[in-house]
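Undergrad: Need coordinates for the below:
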Amino acid sequence: MIVLVPVGNTDKAILEALMHPLEEGFGQKTQIGDGIELPQESCNRHRRQYLASSLLVKLPSLPRLGDRVVGVVDVAIFAPGLNFVFGEADISERRVLISLQRLRQEFYGLPRDENLFRERALKEAVHELGHTYGLKHCFNLTCIDGIVPAQVAASAFPQLKVIPGVEISTDISQGEVHILGYFIDYTDPEFKATLDRFRDSRLQRGQKMVAKLEALGIHIDWQQVKEIAGGSSIGRRHIAQAILEKGYVSSIREPFTEYLGRDRPAYVEREKMTPAEAVALIVKAGGLPVLAHPLTVNDAEAMTIELKRAGLAGIEAYYDGYTTEETDRLVRLAQRHRLIVTGGSDYHELEPTETAIGGVALPTEAVERLIARAKKQNPKLKF
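TA: Below is the predicted model of the structure:
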C-alpha cells in the first residue's frame, strides 16, 4: 500500500491526481491518509525553508514491509549543503517527502499550467519512491544515460538549458587526470561503444576489488554492491558504500583512504586511457574537451600544452575550493594558450559538505564563449 499524507496546507486535489498513476505504476493500492501539521520547529527562518529530514521523521511509519508513505508539502524544503531539494527519501523507514512549491510554472514567473504541474509532481513522487525500492543515483563519471531525461525535464523551463557532457577519468604515471567533454554527440555509435567498453571493464575491476577486500577480512556481498549501483556502472563509490553499510568504516571517505585508493591494498587498476586519447575521443564525438580541476595535475601548463596539440578547447578555472588567486592564475594560463575557461562544482553527492550544483560562481561571459565556440565548431547546433 502507498499512503499519501498531506503535510500542512496541501491541496488534496493534487493528492487525488497522484493516486491512480501511482497505483497503476507500482501495482499497489494507493490511498490518502490523515494529514499532519507542518512542524514550525523544522523551519529555518533565515532561509524561509523547512529542513526535509525533519519533516520526514514526522510522517507515519507503516508496519508492512511493502508499504510506503509519501508526504506532500507545499513549502520550500532543503537539505544540509544544498540550496533546495525537490524531495527526499528515508529508505529504511520507506517514507518519502516531495515539495510542490518549485514544480509550479508560476514559481518561475511563467503562466500557470495545471497539467504540467501534476506531471512534475508525479515524476518527483516516482523518483523518491524509487529510492525506497533500492534505485540509486548514478555516480559513474562516464555515464551519459541521463542526458536525454535531463533535456526532456529542462524543456519545461524555457530559461533552462542543458549542455550534453561527460567526464572521463584518465591515467598518467603520477595519478589521474579528468577530461570534461561539452556538447558531445552522445548518439555517436563509436563514442558510446568506447564508453560501454570502459563500463564493462569497471564491472570486472569491481569484482576483483571485492575479492581483495575478502582476503583482507572485509566481507561484502557482490549482490549488495550491484543493488547499491542500481543498474549504473559499478565503481569504487558503490563498493565504498557497501563497506560503510556493513559497519567497517564510519564515513564514505574512509574506504578510499584505507582500502580503495591508489596504492591501497584493495585497489585494482582499470582499463586505461591517456588524457590525450580522451581529448581525441571527445573531439571525434563533436565535443569540446576541457581539462578538469587543473590544480590536481602536477604541471598544469605542461599538460595544457600537450593536450592542446590533441585538440583541448579549454580549462576549468572556476572550481569548488579554488581561491581568487588560483582562479586568476588558471584564467591567465588559458589566455596564454588561447583556450576558453569553464567552471563547475564537481558535485557527486558523496558528502553533505560538497558544493551543490550551481554553487560555484561562473561569469556569464565564460558560458557565452563556451556556447559560441560550440556553434563555431558545429554551425548546425541549436542552443
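
Undergrad: Mind giving me the packing neighbours of the worst-scoring helix or strand of the chain on mean pLDDT?
TA: For the chain, scoring each helix and strand by mean pLDDT, DSSP states H and E identifies helix 147-154 as the least confident one, at a mean of 75. Counting contacts by 3 or more C-beta pairs under 8 Å, 6 or more residues apart in numbering; DSSP states H and E, helix 147-154 packs against no other helix or strand. The C-beta positions use only the backbone N, C-alpha and C, and glycine is treated the same way.

Undergrad: Identify all contacting residues around that helix.
TA: Applying C-beta atoms under 8 Å, 6 or more residues apart in numbering, the set of residues contacting helix 147-154 from outside is 123, 160-162, 164-165, 186.

Undergrad: Can you tell me which of those residues end up in helices?
TA: K123 (DSSP state H).

Undergrad: from the contacts of helix 147-154, which is closest to K375?
TA: Minimum separation from K375 among these (C-beta to C-beta) is found for K161, which lies at 13.0 Å.

Undergrad: can you confirm V177 is in a helix?
TA: No: the assignment for V177 by DSSP: H, G, I helix; E, B strand; the rest coil gives strand, which leaves it out of any helix.

Undergrad: unless I'm mixing things up, it is touching V297, no?
TA: Yes: using C-beta atoms under 8 Å, V177 is in contact with V297, at 5.9 Å.

Undergrad: Quickly list what's touching both of those two.
TA: Taking C-beta under 8 Å, 6+ apart as the contact rule, the neighbours common to V177 and V297 are 291, 303.

Undergrad: More neighbours: the two, which one.
TA: Comparing V177 with V297 by other C-beta atoms under 10 Å, the one with more neighbours is V177, at 24 against 20.

Undergrad: Retrieve the pLDDT associated with the more buried one.
TA: Per-residue confidence for V177 comes out at a pLDDT of 92.

Undergrad: residues contacting it?
TA: The neighbourhood of V177, defined by C-beta under 8 Å, 6+ apart, consists of 169-171, 275, 291-292, 296-297, 303.

Undergrad: now it, nearest residue through space, not along the chain?
TA: P275 (4.5 Å; C-beta to C-beta, 6 or more residues apart in numbering).

Undergrad: Next, the one you found: phi, psi?
TA: Phi and psi for P275, reported as degrees, to the nearest 10, are phi -60, psi -40.

Undergrad: ok, it - how many residues close by?
TA: What P275 shows, counting by other C-beta under 10 Å, is a neighbour count of 24.

Undergrad: distance of it from M303?
TA: The gap separating P275 from M303 is 7 Å, by C-beta to C-beta, to the nearest Å.

Undergrad: ok, now N115?
TA: According to C-beta to C-beta, N115 stands 51 Å off from M303.

Undergrad: Need the phi and psi values for E114.
TA: phi -70, psi -40.

Undergrad: Which pLDDT does the model give it?
TA: What the model reports as pLDDT for E114 is 92.

Undergrad: switch to numbering from 21
TA: Sure thing, new numbering starts at 21, so read that last one as E134.

Undergrad: follow-up on the earlier one: quick check: neighbours shared by P295 and M323?
TA: Common neighbours of P295 and M323 are listed as 197, 311 (criterion: C-beta under 8 Å, 6+ apart).

Undergrad: so what secondary structure elements neighbour the longest helix along the chain?
TA: Of all the segments assigned as helix in the chain under DSSP H, the longest by residue count is helix 209-235. Under the contact definition 3+ C-beta pairs under 8 Å, 6+ apart, helix 209-235 sits against helix 242-249, helix 256-265, helix 295-304.

Undergrad: Pull the distance from stretch 92-101 to the chain's centre.
TA: Centre-to-centre, stretch 92-101 and its host chain are 18 Å apart (C-alpha atoms, centre = their mean, to the nearest Å).

Undergrad: cool, stretch 320-340 as well?
TA: Centroid separation between stretch 320-340 and its chain, computed with C-alpha atoms, centre = their mean, is 24 Å.

Undergrad: May I see the buried residues of it?
TA: Within stretch 320-340, the residues that qualify as buried by neighbour count (16 or more other C-beta atoms under 10 Å) are 320, 323-324, 326-328, 330-339.

Undergrad: Which one of the residues you listed is nearest to K78?
TA: The nearest member of the buried residues of stretch 320-340 to K78, counting by C-beta to C-beta, is Y339 at 38.3 Å.

Undergrad: residues in contact with that closest one?
TA: 313, 315, 347, 363-364, 366, 380.

Undergrad: Sketch out the strands for the protein, chain order is fine.
TA: With DSSP state E applied, the chain shows strands at 22-27, 50-52, 63-64, 69-71, 88-93, 97-98, 107-110, 115-119, 185-192, 195-202, 308-311, 334-339, 360-364, listed in chain order.

Undergrad: Any idea which of the ones you listed gets closest to V230?
TA: With C-beta to C-beta as the criterion, V230 lies closest to strand 185-192 of these, at 20.0 Å.

Undergrad: if we can go back for a sec, can you point out the buried residues in the longest helix of the chain?
TA: 211, 214-215, 218-219, 222, 225-226, 229-230, 232-233.

Undergrad: How about L223: what's its closest non-neighbour residue?
TA: Counting by C-beta to C-beta, 6+ apart, I254 is the residue found nearest to L223 once chain neighbours are left out, at 5.6 Å.

Undergrad: isn't that neighbour right up against K246?
TA: Yes: using C-beta under 8 Å as the test, I254 is close enough to K246 to be in contact (6.8 Å).

Undergrad: Closest to N64 out of the contacts of Y339?
TA: V380 (22.9 Å).

Undergrad: mean confidence for the longest helix of the chain?
TA: Averaged across helix 209-235, pLDDT comes to 88.

Undergrad: ok, back up a step: which residues does the residue nearest to L223 contact?
TA: I254 makes contact with 222-223, 226, 245-246 under the criterion C-beta under 8 Å, 6+ apart.

Undergrad: try it again with 10 Å
TA: Under the criterion of C-beta atoms under 10 Å, 6 or more residues apart in numbering, the neighbours of I254 are 159-160, 219, 222-227, 229-230, 242, 245-246, 248.
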